[in-house]
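**Q** Fold the following, please.
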Amino acid sequence: MDNYLKENFGDVKAKNSSEEALKRWRRACWVVKNPKRRFRFTANLSKRSEADAIRRTFKGNFRVAVIVSQAALQFIQGLSDYKVPQDVEDAGFQICAEELGSIVEGHDVKKLRSHGGVEGIAGKLSTSVIDGISTSRDLLKTRKHIFGINKFTESPTRGFWFFVLEALQDMTLMILGVCAFVSLIVGIMMEGWPKGAHDGLGIVASILLVVFVTATSDYKQSLQFKDLDAEKKKISVQVTRNGYRQKLSIYDLLPGDIVHLNIGDQVPADGLFISGYSLLINESSLTGESEPVHVSVGNPFLLSGTKVQDGSCKMLVTTVGMRTQWGKLMATLSESGDDETPLQVKLNGVATLIGKVGLFFAVITFAVLVQGLVSRKYQEGSGWSLSGDDAMEILEFFAVAVTIVVVAVPEGLPLAVTLSLAFAMKKMMNDKALVRHLAACETMGSSTTICSDKTGTLTTNHMTVVKACICLKSKEVSSPEAALGLCSEIPDFARGILLQSIFTNTGGEVVNSEERKYEILGTPTETAILEFGLKLGGGFHSEREKSTIVTVEPFNSLKKRMGVVIELPEGGYRAHCKGASEIILAACDKVIDANGDVVPLDDSSVNHLKKTIEQFANEALRTLCLAYMEVGNDFSPENSIPTQGYTCIGIVGIKDPVRPSVKESVAICRSAGIVVRMVTGDNINTAKAIARECGILTDDGIAIEGPEFREKSDEELLELIPKIQVMARSSPLDKHKLVKHLKNGLGEVVAVTGDGTNDAPALKEADIGLAMGIAGTEVAKESADVIILDDNFSTIATVAKWGRSVYINIQKFVQFQLTVNVVALIVNFSSACLTGNAPLTAVQLLWVNMIMDTLGALALATEPPTDDLMKRPPVGRKGNFISNVMWRNILGQSLYQFVIIWYLQTRGKEAFNLTGPDSDLILNTIIFNSFVFCQVFNEISSREMEKINVFKGILKNYVFVAVLTCTVVFQIIIIEFLGTFANTYPLSLQQWFVSILLGFLGMPIAAALKMIPVGSG
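**A** Here you go, the predicted model:
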């Protein structure tokens, strides 16, 4: 079976599968009862092609628009003849949505200038580029009415009756429905109403029961996915409204809003650039072009759905929702669906293989039964003449054959994966993990290594400056009093330069907020430094007003530094830079001494500063160096910021405490066979101190720096990587290289955390990309498979546990379902061949099918995870899904059940002293009842595949208890009260006891089987 699955269904990967691989496995699935249901949770390849066509069309239109726009620049002649629609004018605006859309989407510089540029458009939208729009409820309502909302059209929510209709499209149920109809007509003609209708009505009732139970399960599942989709779309941006900065959902944005974008953000709507620095936009998601576009005052057009690759800006929103190209593209992509998971595909393969076997057995069974009837007719001497009873019998044989196909094709296998994943994803949301791609759930269960960031994942991300070395003097500065004490000890010149450096060379901001007097915005590092500046008595706005920022080089994890050039009020330019202490210190040749004088940086000063950096790092502090240089009067904004010749202002030590639960979570991962590695951009001493505190760095582990790692050859890396536990001063490319070698060279299943834009390649390359929900950029989140909402490493360990739970639960269900498949097939086939009749009727087989399919999946695929899951080794990349342990349990249990059923068939009448006209019916009822109770107790035994105690935690799984209770109650009703429809006969207490006992005996048999050692294959 494994070879068959690998050959036909093994090409689909957890992520980035080729379209050909996705098409190939679909072609291999030809035994499908209900294609709509079976393939509901697979990618819609035609919709993807449609989305690609939209991209290509937009790319072509976009190029034409740019060429036309550039040509039109030469012929601008004053204002155009644009006329404002009356309803727009009445609402207080001077421009309509269509005109705005044509300006931005068409990159129409002529139209933009004719409306007075960006300032003119802002005026016509009744907004201010400084204060934003008014938040008056009536004005917001009017704005929505005129310009629309920032949402794209989604496919309508499917109601319960949709799933009922879908379940009815099962081919085998349709054929059984036709059989039931013919049975009704023939039965009524021969035996009259109501007696002649019992068989037909029994099949109809069974079909309806199967349909409604299936539809209810599918409908609830769809609601779970809908809730998860809503969570995935929660994206917030920084907006200025009424003069106050605030966080706002992108879906609440309106034309006229002022949005603040930084590196890694997604552009939330079409708009115009107001101001900003070094803004590079990646438009590949919209146009397919990988080359970033430089956006500035000269080219101010920003398109929804594109990403900020570098820089920052303030943007005026002009067009929203379905009026943007991104809205139209997303409306199409929302119907394309997620890629199917490898487990779904594998189980589709299992279902197809068993379906083929079942189809073969069904045809043979029907042929054998009909041949038996014909032989009997010849023996009786009636030849080929068929009576009404004979026609009914042939119809019953056909119904049994079709029902064997119903039971034999385990349609529920691939759907059980989706059910289990939906259940796990919903529960993981409560545990602060948002799964973006279904496959991540099951892949995380196989992970063998986790490469984790330090900041914010292993640490709390609540940063404060606790030590500083300014003018070569080190001091504790954790309290405001200590900071003011430092301020009084350093010369005025040094204090002025320090505050200027803090407040001008920053990616953060101190803004007015409605709730508080001020609010610090920015990354935790920027927030800590700005807070330090405020403690020193500085003012953000007053410092900014003293000088003019000419150019900004945002922080980049490759360069590990950021810089700014400012124009001084007295004339001339000054550059400030800050970043990784060793890198900035290496760029300095001067330092401010204790007297406030700028002196050359000699060896003793360098050694003193290096010792300070090492001392701070050994105390697990992040260190940053601040420096400046005078660049004279010749600087131009087009020039790049200098990289050498700086004067060192000082070094700050930032405390970021380790999260309380991290050490325990790392230990859990280690006991689960998962290796945890720390990959950080921090100083190696800081990294080692934190790694030891977390329990990551052990005595036999290696800590290495990125530059050293980069220099190693592939052969050296294969030997070195298994020992690496900490990589410090790493760049995103180092992280990507580490992941690639772990995955391809060592065959590991790799999970990687990331928060920055530059982490996107590593997140995509990894088997499971984990983005940080708080610190992570939109680019990182989009590249990830799971978003860790609380940025906590403990949540990653929880995701691994849930991943293992999904994998194990599906294995339990597959083991249970294959046992029922094997027994039902063999019993009906062997009985048909040897006795000329099938002991299980169509109605009974439909009930068995529901027990093993929908109800079995609900019971076994929704088992919550236990701590024991993290005490076993990971499956890894090469583990067989249907293991030797499963085959042992399936074959052992099937053999027991077959022996029991066969014994009852051949010796049942003597064992129960059955005589009289109803003896065959009573015996078949006992066989049916025993078979169902074998499945009930086998379901309990399937809760554990290797452990003997299967009752541990059973009462905590309410779904399992409810399914089991419903199965038993309904079985009693079928036997005792629905005999005329289900072909059963009420049983005596003794017969009930024996049926239940025979089912129960399967449990000690299962326990004994678990003691038989098998290989791990």
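**Q** pLDDT score for Ala53?
**A** Note on Ala53: pLDDT of 69.
**Q** And the helices in the stretch 801-950 of the chain?
**A** Under the criterion DSSP state H, counting those that start in this stretch, the stretch 801-950 of the chain carries helices at the ranges 842-850, 856-860, 884-912, 919-941.
**Q** Surely Leu168 and Val210 touch.
**A** No. Between Leu168 and Val210 there is no contact under C-beta atoms under 8 Å: 9.9 Å. Every residue, glycine included, has its C-beta placed from N, CA and C.
**Q** These two - which one has more neighbours?
**A** With neighbours defined as other C-beta atoms under 10 Å, Leu168 and Val210 compare such that Val210 has more, 22 against 17.
**Q** I'd assumed Leu173 was in contact with the more buried one.
**A** Yes. At 6.9 Å, Val210 counts as touching Leu173 under the criterion of C-beta under 8 Å.
**Q** who touches both of those two?
**A** The contact sets of Val210 and Leu173 overlap at Ala167 (C-beta atoms under 8 Å, 6 or more residues apart in numbering).
**Q** can you pull the contacts of the residue positioned nearest the centre of the chain?
**A** What sits nearest the mean C-alpha location of the chain, by C-alpha atoms, centre = their mean, is Arg436, with 2.0 Å. Shown in contact with Arg436 (C-beta under 8 Å, 6+ apart): Lys232, Lys781, Ala784, Asp785, Val786, Ile787.
**Q** Pop out the phi and psi values for the residue lying closest to the third one once chain neighbours are set aside.
**A** In space, not counting the residues next to it along the chain, Ala784 is nearest to Ala771; the distance is 3.4 Å by C-beta to C-beta, 6 or more residues apart in numbering. Main-chain torsions, Ala771, degrees, to the nearest 10: phi -100, psi 150.
**Q** now Ala771: how far from Val994?
**A** Between Ala771 and Val994 the computed distance is 58 Å (C-beta to C-beta, to the nearest Å).
**Q** more neighbours, the two?
**A** More neighbours surround Ala771 than the other of Ala771 and Val994, with 29 against 19 (other C-beta under 10 Å).
**Q** For that one, list each beta-bridge partner.
**A** On the basis of DSSP bridges, Ala771 takes part in beta bridges with Gly754, Ile787.
**Q** quick revisit: which of the helices of the stretch 801-950 of the chain sits closest to Phe93?
**A** Minimum separation from Phe93 across the helices of the stretch 801-950 of the chain (C-beta to C-beta) falls at helix 856-860, 54.4 Å.
**Q** just how off-centre is that closest one within its chain?
**A** In terms of C-alpha atoms, centre = their mean, to the nearest Å, the centre of helix 856-860 is set 23 Å apart from its chain centre.
**Q** other SSEs contacting it?
**A** Judged by 3 or more C-beta pairs under 8 Å, 6 or more residues apart in numbering; DSSP states H and E, helix 856-860 is in contact with helix 412-430, helix 793-835, helix 919-941, helix 958-977.
**Q** Lowest average confidence across the ones you listed, which one?
**A** Among these, helix 412-430 carries the lowest mean pLDDT, at a mean of 78.
**Q** Now the element after that one, going C-ward?
**A** Downstream of helix 412-430, the first helix or strand assigned by DSSP states H and E is strand 433-435.
**Q** Give me the contacts around that next one.
**A** Here strand 433-435 makes contact (C-beta under 8 Å, 6+ apart) with 228, 231-232, 421, 424-425, 428, 441, 773, 785-789, 795, 798-799, 802.
**Q** worst-scoring helix or strand of the protein, pLDDT-wise?
**A** Lowest by mean pLDDT, DSSP states H and E among the helices and strands of the chain is helix 45-72, with a mean of 59.
**Q** Let me see the mean pLDDT of the next helix or strand after that helix.
**A** Counting by DSSP H and E, the element after helix 45-72 in chain order, helix or strand, is helix 86-90. Computed over helix 86-90, the mean pLDDT rounds to 90.
**Q** Convert helix 86-90 to CSV, retaining C-alpha atoms only.
**A** Presented in CSV, the C-alpha positions along helix 86-90 are these (Å, rounded to 0.1, in the frame of the first residue of the first chain):
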residue,chain,number,x,y,z
GLN,A,86,-24.4,66.2,-7.7
ASP,A,87,-24.7,63.6,-4.9
VAL,A,88,-21.0,63.8,-4.2
GLU,A,89,-21.2,67.6,-4.0
ASP,A,90,-24.3,67.5,-1.8
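**Q** Next, the buried residues of that helix.
**A** Buried residues in helix 86-90, defined by neighbour count with 16 or more other C-beta atoms under 10 Å: Val88.
**Q** Name the next helix or strand following it along the chain.
**A** Heading C-terminal from helix 86-90, the first helix or strand you meet, by DSSP H and E, is helix 97-105.
**Q** elements contacting that next one?
**A** helix 109-114, helix 137-147, strand 270-282, strand 307-319.
**Q** List the strands paired with the strand or helix carrying Ile649, with their directions.
**A** Ile649 is part of strand 646-655 when elements are defined by DSSP H and E. Strand 646-655 sits in its sheet next to strand 464-470 (antiparallel), strand 588-592 (parallel), strand 621-632 (antiparallel), going by DSSP bridges.
**Q** mind checking which of those strands is nearest Val400?
**A** strand 621-632 (72.8 Å).
**Q** Tell me which residues of that closest one come out buried.
**A** Applying 16+ other C-beta under 10 Å to strand 621-632 flags Leu621, Arg622, Thr623, Leu624, Cys625, Leu626, Ala627, Tyr628, Met629, Val631 as buried.
**Q** Enumerate every residue touching Gly537.
**A** Leu484, Cys487.
**Q** Could you check how far Ser136 is from Gly92?
**A** Here the criterion is C-beta to C-beta. By it, Ser136 lies 12 Å from Gly92.
**Q** could the helices and strands packed on helix 856-860 go into JSON lines alongside distance to Ile188 and mean neighbour count?
**A** Formatted as JSON lines, these follow (distance: least, C-beta to C-beta, whole Å; neighbours: other C-beta atoms under 10 Å):
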{"stretch": "helix 412-430", "distance to Ile188": "35", "mean neighbour count": "24"}
{"stretch": "helix 793-835", "distance to Ile188": "28", "mean neighbour count": "24"}
{"stretch": "helix 919-941", "distance to Ile188": "22", "mean neighbour count": "22"}
{"stretch": "helix 958-977", "distance to Ile188": "23", "mean neighbour count": "16"}
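**Q** Output the ones you listed as JSON lines; include the columns distance to Ile901.
**A** Listed next are the helices and strands packed on helix 856-860 as JSON lines, based on distance: least, C-beta to C-beta, whole Å:
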{"stretch": "helix 412-430", "distance to Ile901": "22"}
{"stretch": "helix 793-835", "distance to Ile901": "5"}
{"stretch": "helix 919-941", "distance to Ile901": "6"}
{"stretch": "helix 958-977", "distance to Ile901": "16"}
